[in-house]
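Student: Next one to model:
(one chain, ligands or ions: 1)
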Amino acid sequence: MDFSYSPRSEELRMQVRDFMDQYVLPYNAQWHAEVARGTYPLELINNLKDLARWDGLWNLFLPNLPDDAPGTGLSNLDYAPIAELMGRMHWASEVFNCSAPDTGNMELLNLFATPDQREQWLDPLFRGEIRSCFAMSEPDVASADATNIQTSIRRDGDDYVINGRKWFITGPTHPNCRLAIVLGVSDADAEPHRRHSMVLVPMDAPGLELVRNIPIMHYHSPEGHCELVFRNVRVPADSLLGEPGHGFAMAQARLGPGRIHHCMRSIGQCEVALELMRERAGERRTFGKYLSERANVADWIAESRLEIDQARLLVLHAAWLIDQHGAKAARTAVSAIKVVVARLQTRVVDRAMQVFGAMGLTPDTPLSYLWTWGRAMRFLDGPDEVHLGIVARDELRKARDMRGATAPWFTFPDTLRTAEQSAREDD
Ligand SMILES: Cc1cc2nc3c(=O)[nH]c(=O)nc-3n(C[C@H](O)[C@H](O)[C@H](O)COP(=O)(O)OP(=O)(O)OC[C@H]3O[C@@H](n4cnc5c(N)ncnc54)[C@H](O)[C@@H]3O)c2cc1C
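Tutor: As a prediction, this is how the structure comes out:
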């Protein structure tokens, strides 16, 4: 097994690293100061986007990028280490047109959009001219189970009419957010996994109201995690994305690579937390010793290194599985990384905050934001428990398929052997 990054990935990774150092990092303080003053979006993002695109550092995430679209067409495995670099600063991905939820939405449109839908929505997304959101979760139902979603998408003549309430929808407060991909019930009588469809809804459609931007642990994200209401929102019938009744399956397809991206960005953020922790531990003294000389702090640093490296390998393996065998075959591996990395982020960042003392809780370091995001990761794209359930189901399926085959590893007293085990051993 070769653990090195491919030459193409490494070359682009170095370019992105230099770009981040030269053009993005110097504006970090300005980004935070302007957003704190209520400015959003920032003009500097457009300038940086122009530069990144000019340098060919654009749409790096989509393996099956169409030939006529700007971008690199990297595999998931090749893109993963680049996502890690971009993730180090939470606003950086947009500069390279690689930010969620646009990436997942472009992926979905690339798979399922008609030529007209591509022209209207996908091409401007590829060019970074517009942004988009994905509207699935609802306040009135447990949205961890997408079959619960109850927003209605009703056919009325040449239109679809949408009614429902969504929340935690990322992206709508960005003024360039022009498209909502909405999941809803189009056939209430179908079996639960065939009830839902997706429709493409312009954000300025009459009846679509942005109710509020919901703070996450008191953090107000400028791009928004929003509550949206759809009241008799009418869109032409050709706004349906993909086949009617395929909404659930399409939502699943959207999430495989998207979770790789989220996880790698998180790993980048864990690296930042570790770097800050070790630097602070090396310069802060209490009771005559540097914090780095305290065994518990040294352990936190070492454990963080071990855990980050373990998680990275696991994510790269999941990316490789998607590339080699498709999102369906990688499903359990993707669920596993989703749990491992979300937990990793709060654990590593929590240690770093502890080393920083009270300062770790303030906006003077990125740590409290990174912890908040790690906590949110344990829900977004599915809560931990759902992903653990998928891993457990896979393990238990193996047990079922192998029932009795493990018997030779045990020395059961004869009285405890089942008839099936005895028969197997007699064979
Ligand atoms: C920052 C952020 C951004 C988000 N962005 C978006 C977005 O852009 N678009 C969008 O549609 N949604 C978005 N979400 C919503 C997110 O996808 C949902 O919160 C998530 O799917 C869980 O749904 P829920 O909150 O309704 O929890 P529920 O479904 O009510 O689940 C509550 C709890 O029940 C437990 N649980 C659920 N299922 C199981 C199970 N099978 N086994 C054991 N326990 C279980 C878990 O502990 C879970 O936390 C975002 C959320 C956050 C926090």
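Student: What are the boundaries of the strands in the protein?
Tutor: In the chain, the strands defined using DSSP state E lie at 131-135, 152-156, 159-170, 177-185, 196-202, 208-213, 225-236, 240-241, 285-286, 289-290.
Student: Show me what the third one is packed up against.
Tutor: This means strand 159-170. strand 131-135, strand 152-156, strand 177-185, strand 196-202, strand 225-236 (3 or more CB pairs under 8 Å, 6 or more residues apart in numbering; DSSP states H and E). To be clear about C-beta, it is placed using only N, CA and C from the backbone, and glycine gets the same treatment.
Student: Same question for the second one.
Tutor: Applying 3+ CB pairs under 8 Å, 6+ apart, one finds that strand 152-156 contacts strand 159-170, strand 177-185.
Student: Can you check which of those gets nearest to Met250?
Tutor: With CB to CB as the criterion, Met250 lies closest to strand 177-185 of the helices and strands packed on strand 152-156, at 8.4 Å.
Student: Which positions in the stretch 251-400 of the chain make contact with the ligand?
Tutor: By CB under 6 Å from any ligand atom, the part of the stretch 251-400 of the chain that sits against the ligand consists of 376, 379-380, 382-383, 385-386, 389.
Student: are any of these buried, and which?
Tutor: Among those, those classed as buried by 16 or more other CB atoms under 10 Å are 376, 379-380, 382-383.
Student: Which pair of those residues spans the longest distance?
Tutor: Within those, two members stand farthest from each other by CB to CB: Ala376 and Gly382, at 12.3 Å.
Student: Skip the chain neighbours and tell me the closest residue to Gly258.
Tutor: Leaving aside its chain neighbours, Gly258 sits nearest to Gly104 (4.1 Å; criterion: CB to CB, 6 or more residues apart in numbering).
Student: Check Arg127 too.
Tutor: Per CB to CB, 6+ apart, closest to Arg127 is Pro70, 6.8 Å.
Student: In contact with that neighbour, which residues?
Tutor: Contacts for Pro70 (CB atoms under 8 Å, 6 or more residues apart in numbering) come out as 53, 58-59, 126-127.
Student: What's the separation between it and Trp58?
Tutor: In this structure, Pro70 and Trp58 are 5 Å apart, going by CB to CB, to the nearest Å.
Student: One more: Ser132?
Tutor: Separation of Ser132 from Trp58 (CB to CB): 17 Å.
Student: try Gly128
Tutor: Distance of Gly128 to Trp58, given as CB to CB: 8 Å.
Student: How about Ile216?
Tutor: 29 Å.
Student: If Pro202 is in a bridge, with which residues?
Tutor: Beta bridges link Pro202 to Leu179, judged by DSSP bridges.
Student: Repeat that for the one 10 residues further on.
Tutor: Beta-bridge partners of Arg212, counted by DSSP bridges, are Glu227.
Student: want to try CSV for the strands of the chain, with mean pLDDT as columns?
Tutor: Conversion of the strands of the chain to CSV gives the following (pLDDT from 0 to 100):
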stretch, mean pLDDT
strand 131-135, 98
strand 152-156, 97
strand 159-170, 98
strand 177-185, 98
strand 196-202, 98
strand 208-213, 98
strand 225-236, 98
strand 240-241, 98
strand 285-286, 97
strand 289-290, 98
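Student: Among these, show me which one is buried the most.
Tutor: Among those, strand 131-135 has the highest mean neighbour count (mean count of other CB atoms under 10 Å), at a mean of 27.
Student: Just give me how far that one sits from the chain centre.
Tutor: 13 Å (CA atoms, centre = their mean, to the nearest Å).
Student: where along this protein do the helices fall?
Tutor: Counting by DSSP state H, the chain has helices at residues 7-19, 28-36, 43-54, 76-87, 102-112, 115-117, 123-126, 247-283, 295-325, 331-356, 367-377, 384-401, 419-426.
Student: For the shortest one, give me every contacting residue.
Tutor: If I follow you right, that is helix 115-117. Under the criterion CB under 8 Å, 6+ apart, residues 109, 200, 238-239, 241 lie in contact with helix 115-117.
Student: Determine how far that helix lies from the middle of the whole chain.
Tutor: Averaging C-alpha positions (CA atoms, centre = their mean) puts helix 115-117 26 Å from its chain's average.
Student: can you pull the buried residues of that helix?
Tutor: The neighbour-count check on helix 115-117 (16+ other CB under 10 Å) flags Gln117 as buried.
Student: Share the number of residues neighbouring the nearest residue to His32 once chain neighbours are set aside, please.
Tutor: Spatial nearest neighbour of His32, excluding adjacent residues (CB to CB, 6+ apart): Pro363 at 7.4 Å. Neighbour count of Pro363, defined by other CB atoms under 10 Å: 11.
Student: now the chain, which segments are flagged as low pLDDT?
Tutor: Applying pLDDT under 70 to the chain flags the ranges 1, 411-427.
Student: how's it carved up into domains?
Tutor: 7-113, 131-241, 249-401 (automatic domain parsing).
Student: Throw these into TSV and include distance to Glu119, thanks.
Tutor: Shown next, in TSV, are the domains of the chain (distance: least, CB to CB, whole Å):
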stretch	distance to Glu119
domain 7-113	9
domain 131-241	12
domain 249-401	20
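Student: near the ligand, which residues of the stretch 101-250 of the chain?
Tutor: Residues of the stretch 101-250 of the chain lying close to the ligand by CB under 6 Å from any ligand atom are 101, 133-137, 142-144, 168-170, 216, 225.
Student: Identify the farthest-apart pair in the residues of the stretch 251-400 of the chain next to the ligand.
Tutor: Applying CB to CB across these, the maximum distance is between Ala376 and Gly389, 20.0 Å.
Student: follow-up on the earlier one: quick one: the contacts of helix 115-117 as CSV, columns for distance to Ser186 too.
Tutor: Shown next, in CSV, are these (distance: CB to CB, whole Å):
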residue, distance to Ser186
Leu109, 19
Leu200, 14
Asp238, 14
Ser239, 12
Leu241, 11
